[in-house]
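Trainee: Pasting the sequence and the predicted coordinates here, then a few questions.
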Amino acid sequence: MLDLFAQAASSSTAVAPTEILKGLGAVGAGIGYGAAAIGPGIGIGIVVGNAITAMARQPESAGVARTTMFLGIAFTEALALIGFVVFILLKYT
Amino acid sequence: MLEAALKFPPIGELVKWPAFGLPGFNKVALICVLATVFTAGLFFWAGMSKTLVPNTVQNIVESVVEFITDGVILQTMGQEGMKYLWYLTSLFFFIFFCNIFEIIPFMQFPASARMAIPLLLAVITWVMYIVVGLKKHGISYVSKSVKPPGVPFALLFLIIPIELLSTFIVRPFSLAVRLFANMLAGHLLLVTFAVLTGALLGSSIVFLKPVAILPLAMDIAITGFEAFVAILQAFIFTILTAVYLGSSIHIEH
Amino acid sequence: MSYTSALLAAGSRAAAALYAQAATTTTEAPAQQAPNPILPSSTELLWGTVSFAVLAFLMWKFAFPLVIKAMQARTDKIRSNLDEAENVRQEAQGILEEYQRQLADARTESNRIIEEARQAADQLRQDMVRRADEEVAELRRRSIEDLKAAQDRVMGQLRLQVRDLAIELAEKVVGANLDRERNLALVDQMIAELEARPAGGG
């Protein structure tokens, strides 16, 4: 087993440091996007939940609540999307 | 074996299309032109129809126009915003057609997943709401829109840069990025599951072949979802444009 | 052990070589196209601008006013139709009210006529009853008078005959010495006394 690791380590010296950096960048991008999705996930949950409460309380103003809900989702979602863009940026620079 | 087969193409490859025919005329440009042709065609068809009882196309077009009137303009700008109806309608249809090509067979790419298109539309909206604000309020538009009323003097040093940033820089950027990232993410999802399906089907391990039904089913489900997203993102872009125009018209917020 | 390790080493080496090859090919490919998917491509920007400008111009100048005009025309048409329908409805309502009013008038008129007829009949009946009563009373009065006259006449004749009879009878009884004048006066007095006596004398 140790032999195997040694072999693997010796073969990994063939990989250029830029490749390692790239791999680290991919790891960072993945973790970063995962972290960026947490907050908007919770936020959209709150927005939609409250919108549904509002619609259930006042079904006659459901149209306004729905429009406002989509707006709120759009603003909240922007954060996740910026995370997504940063993810792509990290992968490609 | 599976690793050898599952070779996910880089994102840059996925959205890069070769030009054909005219210089620089690639798939994205074709989709833009098609979106223009379809939108204009729909409106000409609906407008030319001489019958008083509306046909299907007229019904679709007019219900969208009425929706934009009642659900977007009157709620965000009021009666004053009716003169931007044509712009918002064009915007909605153009974005919708650019988006919907994501799930149309043999095209299967949303033009809005290239930054050029959302950026273009966002810049047009950006210029538009600034021009409208300047026209309506003169130069005081800038000072009014960065200084909310009733803020203590000490806080102004904090508020003014934030408002300046959010009104004049973040708005167009977030508008463009929202559409772009949504459509690109949808496209990547579709591609991911399609690639996975192909890899599983082409796998040399026989037991893995039937498993391909799972990503295939996921792909179909996401296709339906993306149709909804295409409409939703067009609507959100339109209503945010209307909100920004409205905030330029009625400056006090 | 040594066999397997050698095999693994060969395998890993081969994999590394494959990976390196793949890495060089994939790093070469982006180097020639540098596809950062976020940066807008200038040709796409150009084509997008041209298409949207054309669309905006077409919509602004031609297509959108057409649709709006058609919608406006339909709205006007529907509104005028509705107005017309409302007018017709009001007219019909007016006619209906007129008819109902006339019907009510006719009903009160007929009621009035019936009432009048009833009153007239009543009047007539009362008149006839009264006249019949009067006739009956008249008839009775006249018959009573007749009876009375007959009675008086019978009584007068009876009186005369009774007087003559009584005197004749008395003459036969007492003879002829009696003074006729005096006897007549006597008998008359007696009859008068008889008449003055209450009933039974007639």
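Mentor: Received it, and whenever you're ready, just let me know what you need.

Trainee: Count the neighbours of A:Leu79 for me.
Mentor: Other residues within reach of A:Leu79 by the criterion other C-beta atoms under 10 Å in any protein chain shown amount to 17. C-beta coordinates here come from the backbone N, C-alpha and C atoms, glycine included.

Trainee: Was I right to think it contacts A:Gly39?
Mentor: Yes - A:Leu79 sits in contact with A:Gly39 when judged by C-beta atoms under 8 Å, with a separation of 6.2 Å.

Trainee: measure B:Phe101 to chain A for me?
Mentor: 20 Å (C-beta to the nearest C-beta, to the nearest Å).

Trainee: Low-confidence bits of the chain, can you list those?
Mentor: Since no chain was named, I'll use chain A. A:1-15, A:93 (pLDDT under 70).

Trainee: um, chain B though
Mentor: B:1-6, B:52, B:252-253.

Trainee: if you set the cut-off to 80 instead, what comes out?
Mentor: B:1-13, B:16, B:49-54, B:251-253 (pLDDT under 80).

Trainee: Would you mind listing what in it touches chain A?
Mentor: Proximity of chain B to chain A (C-beta under 8 Å from any C-beta of the partner chain) is limited to residues B:11-12, B:71, B:75, B:174, B:177-178, B:180-182, B:184-185, B:232, B:235-236, B:239-240, B:243.

Trainee: how about a cut-off of 6 Å?
Mentor: Residues of chain B lying close to chain A (C-beta under 6 Å from any C-beta of the partner chain) are B:174, B:177-178, B:181, B:185, B:236.

Trainee: Show the contacting residues for B:Pro187.
Mentor: Just so we're on the same page, residue B:187 is His rather than Pro. B:102, B:113 (C-beta atoms under 6 Å, 6 or more residues apart in numbering or on different chains).

Trainee: Helices along the chain, start to end?
Mentor: You didn't say which chain, so I picked chain A. In chain A, the segments counted as helices under DSSP state H are A:2-12, A:17-57, A:62-92.

Trainee: actually chain C
Mentor: Using DSSP H, the helices of chain C run over C:2-33, C:42-58, C:64-174, C:180-196.

Trainee: what's the closest of these to B:Ala29?
Mentor: helix C:42-58 (3.4 Å; C-beta to C-beta).

Trainee: and the closest one with helix C:64-174, angle?
Mentor: What separates the directions of helix C:42-58 and helix C:64-174 is an angle of 40 degrees, with axes from the mean of the first three to the mean of the last three C-alpha atoms, to 10 degrees.

Trainee: what comes up buried for helix C:42-58?
Mentor: For helix C:42-58, a neighbour-count test (16 or more other C-beta atoms under 10 Å in any protein chain shown) marks C:43-49, C:51-52, C:55-56, C:58 as buried.

Trainee: Return that helix as CSV; C-alpha atoms alone will do.
Mentor: The C-alpha trace of helix C:42-58 is given here as CSV (Å, rounded to 0.1, in the frame of the first residue of the first chain):
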residue,chain,number,x,y,z
SER,C,42,-18.2,41.6,-29.7
THR,C,43,-19.8,40.0,-32.8
GLU,C,44,-22.7,38.7,-30.8
LEU,C,45,-23.1,42.1,-29.2
LEU,C,46,-23.2,43.6,-32.6
TRP,C,47,-25.7,41.2,-34.0
GLY,C,48,-27.8,41.5,-30.9
THR,C,49,-27.8,45.3,-31.1
VAL,C,50,-28.7,45.2,-34.7
SER,C,51,-31.6,42.8,-34.2
PHE,C,52,-33.0,44.5,-31.1
ALA,C,53,-32.7,47.9,-32.8
VAL,C,54,-34.5,46.7,-35.8
LEU,C,55,-37.1,45.1,-33.5
ALA,C,56,-37.5,48.2,-31.4
PHE,C,57,-37.9,50.4,-34.5
LEU,C,58,-40.4,48.1,-36.1
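
Trainee: State the mean pLDDT of that helix.
Mentor: Taken as a whole, helix C:42-58 has an average pLDDT of 90.

Trainee: if we can go back for a sec, most tightly packed of the helices of chain A?
Mentor: Among the helices of chain A, helix A:62-92 has the highest mean neighbour count (mean count of other C-beta atoms under 10 Å in any protein chain shown), at a mean of 18.

Trainee: helices and strands around that helix, which ones?
Mentor: In terms of contacts (3 or more C-beta pairs under 6 Å, 6 or more residues apart in numbering or on different chains; DSSP states H and E), helix A:62-92 is packed against helix A:17-57, helix B:171-201.

Trainee: Distance from the chain centre to that helix, please.
Mentor: Mean C-alpha position of helix A:62-92 versus that of the full chain (C-alpha atoms, centre = their mean, to the nearest Å) differs by 11 Å.

Trainee: Measure how it sits relative to helix A:17-57, angle-wise.
Mentor: 180 degrees.

Trainee: just checking, B:Ser174 touches A:Glu77?
Mentor: No - between B:Ser174 and A:Glu77 there is no contact under C-beta atoms under 6 Å: 10.1 Å.

Trainee: which neighbours do the two share?
Mentor: By C-beta under 6 Å, 6+ apart, no residue touches both B:Ser174 and A:Glu77.

Trainee: that older thread, need the helices of chain A in JSON lines with distance to B:Asn26, can you?
Mentor: Formatted as JSON lines, the helices of chain A follow (distance: least, C-beta to C-beta, whole Å):
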{"stretch": "helix A:2-12", "distance to B:Asn26": "40"}
{"stretch": "helix A:17-57", "distance to B:Asn26": "27"}
{"stretch": "helix A:62-92", "distance to B:Asn26": "20"}
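
Trainee: if we can go back for a sec, wait, which of the helices of chain C is closest to B:Ala227?
Mentor: Nearest of these to B:Ala227, taken as C-beta to C-beta: helix C:42-58 at 22.1 Å.

Trainee: hmm, back to that, check the helices of chain C for me and report the most buried one.
Mentor: helix C:42-58 (a mean of 19).

Trainee: is chain B contacted by that one?
Mentor: Yes - between helix C:42-58 and chain B, judged by C-beta under 6 Å from any C-beta, the touching residues are C:43-45, C:47-49, C:51, C:54-56, C:58.

Trainee: what's that helix packed up against?
Mentor: helix B:27-48, helix B:85-100, helix B:116-137.

Trainee: Three-state assignment for B:Pro105, please.
Mentor: coil (DSSP: H, G, I helix; E, B strand; the rest coil).

Trainee: Next up, phi/psi of it, please.
Mentor: Main-chain dihedrals, B:Pro105, degrees, to the nearest 10: phi -60, psi 150.

Trainee: For it, give me its contacts.
Mentor: The contact partners of B:Pro105, by C-beta under 6 Å, 6+ apart, come to none.

Trainee: quick one, longest helix in chain B?
Mentor: Max-length helix for chain B by DSSP H is helix B:213-249.

Trainee: For that helix, list every residue counted as buried.
Mentor: B:215-216, B:218-219, B:222-223, B:226, B:229-230, B:232-249.

Trainee: That helix and chain C, are they touching?
Mentor: No - Helix B:213-249 stays clear of chain C (C-beta under 6 Å from any C-beta), getting no nearer than 12.8 Å.

Trainee: which strands and helices sit next to that helix?
Mentor: In terms of contacts (3+ C-beta pairs under 6 Å, 6+ apart), helix B:213-249 is packed against helix B:74-76, helix B:85-100, helix B:116-137, helix B:171-201.

Trainee: deepest of the ones you listed, which one?
Mentor: Buried most deeply of these, by mean count of other C-beta under 10 Å, is helix B:85-100, with a mean of 24.

Trainee: Kindly calculate the angle that that one makes with helix C:42-58.
Mentor: 140 degrees.

Trainee: Does chain C have contacts with helix B:85-100?
Mentor: Yes - contact of helix B:85-100 with chain C (C-beta under 6 Å from any C-beta) involves B:86, B:90, B:94.
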